[in-house]
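Undergrad: the sequence and its predicted three-dimensional model are supplied below.
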Amino acid sequence: MTRVFNFSAGPAALPEPVLRQAAEEMLDWHGAGCGVMEMSHRGKEFTSIIERAEIDFRELLAIPDEYRVLFLQGGATQQFAQIPMNLLAGGSADYLVTGTWSKKAYSEAKHLAVALGGGARLAGSTEQDGFTRLLDAEELELDENARYLHLCTNETIHGVELRDPARLPRTAVPIVADMSSHILSRPIDVNRYGLIYAGAQKNIGPSGLVIVIVREDLLGRASAVTPAVMDYRVMADNGSMLNTPPTYAIYVAGLVFQWLKGQGGLAAVEANNIAKAKLLYDFLDASDFYANPVEPTARSRMNIPFLLRDESLNDAFLAGAKEAGLAQLKGHKSVGGMRASIYNAMPLAGVEALVDYMRDFSARKG
């Protein structure tokens, strides 16, 4: 069996050792006589799995004790509604829009705010610049009385990432961050945020699972119309198991956490991610055949969009990439071009193979 280098933005590549361990344990997990997908979420076997996963996740991100970790369903998109249902409480929230996903979150909040008796404000946007940069502090129009400030720290589609902690808005309002496409790619200071959420299908595990890190003082604020299964307080009190959780996704996520610890933790992972991104960006910047549209200070390490200056060659580029074992390089339909997502599981060899192919293709077609 030959595995491709998978540059998909999500569901994305998983570490091969994790896949092999999951395969080995598919029929019999640690002598239980059945696989994880078959066992009761109330039994001692799965309880040990979810408890170990939370311990390892907390260790990787150095999550303080005053934060709760929730393993939920519905992906990050469900959180666009769940966050205002839990935190808006009849007030107003600020939203920064720096790409497709933060725009979707803002749109959902505006829609829900009417029913919740509150409001959602656009506190800053880069849409007029094609979502190719970050917002500067002087562009922000923040409400000091807002219930929270929502932002997306890595925009998967446009390849814009907020990496420098100094660029995080200075505010006393709880910051709510969508970190779906770069969580676990580097250390972060969890204390800077009131709530962090991330869909699993980038750096964590299978799609469908979303992890929420929420500060204790933000629990218990849900609107009266919030269903129990969507109430953070209720889910926290029930150990994320008010209902049957996505057991297999949590199990695989736990294996990924163990793999990350085996790599040396997030500092070591970040160093590898820096090397991968630098290799590809340096090649793009030196090329007159390809181009990256994002301002250098805002470039994502995880999602790297690029354009062929002659777009008539797009189909030939993708066909050749597929033959070379380089998969899922087509850009999102809303922006076109190409996109290489180089999450934690993408080895440096994969990026080297991509650069070699891009160099050869430009030499033949340029």
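TA: Yep, it's here.
Undergrad: give me the distance between residue 21 and residue 248.
TA: 13 Å (C-beta to C-beta, to the nearest Å). In short, each C-beta sits where N, CA and C put it, glycine included.
Undergrad: who's more crowded, the two?
TA: residue 248 (21 against 15; other C-beta atoms under 10 Å).
Undergrad: just give the nearest non-adjacent residue to residue 98, would you?
TA: Excluding its sequence neighbours, the residue lying closest to residue 98 (C-beta to C-beta, 6 or more residues apart in numbering) is residue 126, at 5.2 Å.
Undergrad: list the contacts for that neighbour?
TA: 97-99, 132-135, 160 (C-beta atoms under 8 Å, 6 or more residues apart in numbering).
Undergrad: keep only those of these that are in strands.
TA: Residues from the contacts of residue 126 lying in strands, with DSSP state E as the criterion: 97, 160.
Undergrad: now for the contacts of residue 126, which pair is the farthest apart?
TA: Within the contacts of residue 126, 97 and 132 form the most distant pair, 13.2 Å apart (C-beta to C-beta).
Undergrad: who's more crowded, these two?
TA: Comparing residue 97 with residue 132 by other C-beta under 10 Å, the one with more neighbours is residue 97, at 24 against 18.
Undergrad: bridged to the more buried one, which residues?
TA: Following DSSP bridges, residue 97 is listed with bridge partners residue 125.
Undergrad: okay, residue 2: pLDDT?
TA: The score at residue 2 is 85. That number is its pLDDT.
Undergrad: that one contacts residue 324, correct?
TA: No. Checked against C-beta atoms under 8 Å, the pair residue 2 and residue 324 is beyond contact range at 11.7 Å.
Undergrad: who's more crowded, these two?
TA: residue 324 (16 against 4).
Undergrad: thought that one was touching residue 359?
TA: No. Using C-beta under 8 Å, residue 324 is not in contact with residue 359, being 11.9 Å away.
Undergrad: where does the chain have low pLDDT?
TA: 1 (pLDDT under 70).
Undergrad: helices along that one, start to end?
TA: Applying DSSP state H to the chain gives helices spanning 16-24, 44-61, 75-87, 100-116, 232-237, 247-262, 265-286, 314-323, 348-365.
Undergrad: to residue 7, which of those lies closest?
TA: helix 348-365 (7.2 Å).
Undergrad: residues contacting the closest one, please?
TA: Outside helix 348-365, the residues touching it (C-beta under 8 Å, 6+ apart) are 5, 7, 272, 275-276, 279-280, 283, 287, 289-290, 310, 313, 316-317, 320-321, 324-326, 329, 340, 342.
Undergrad: what does stretch 262-280 give?
TA: Contacts for stretch 262-280 (C-beta under 8 Å, 6+ apart): 60-61, 184-187, 260, 299-302, 304, 340, 342, 344, 346, 348, 351-352, 354-355.
Undergrad: and if we set it to 7 Å?
TA: Applying C-beta atoms under 7 Å, 6 or more residues apart in numbering, the external contacts of stretch 262-280 come out as 60, 184-187, 260, 301, 304, 340, 342, 344, 346, 348, 351-352, 354-355.
Undergrad: could I have the buried ones of these as ChimeraX selection syntax?
TA: Selection command for ChimeraX covering only the buried members of the contacts of stretch 262-280, criterion 16 or more other C-beta atoms under 10 Å:
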select :60,184,185,186,260,301,304,340,342,344,346,351,354,355
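Undergrad: mind listing what's buried along stretch 310-317?
TA: In stretch 310-317, the ones that count as buried by 16+ other C-beta under 10 Å are 313-314, 317.
Undergrad: do the same with stretch 263-283
TA: 266, 269-270, 272-273, 276-277, 279-281, 283.
Undergrad: cool, stretch 135-142 as well?
TA: 135, 142.
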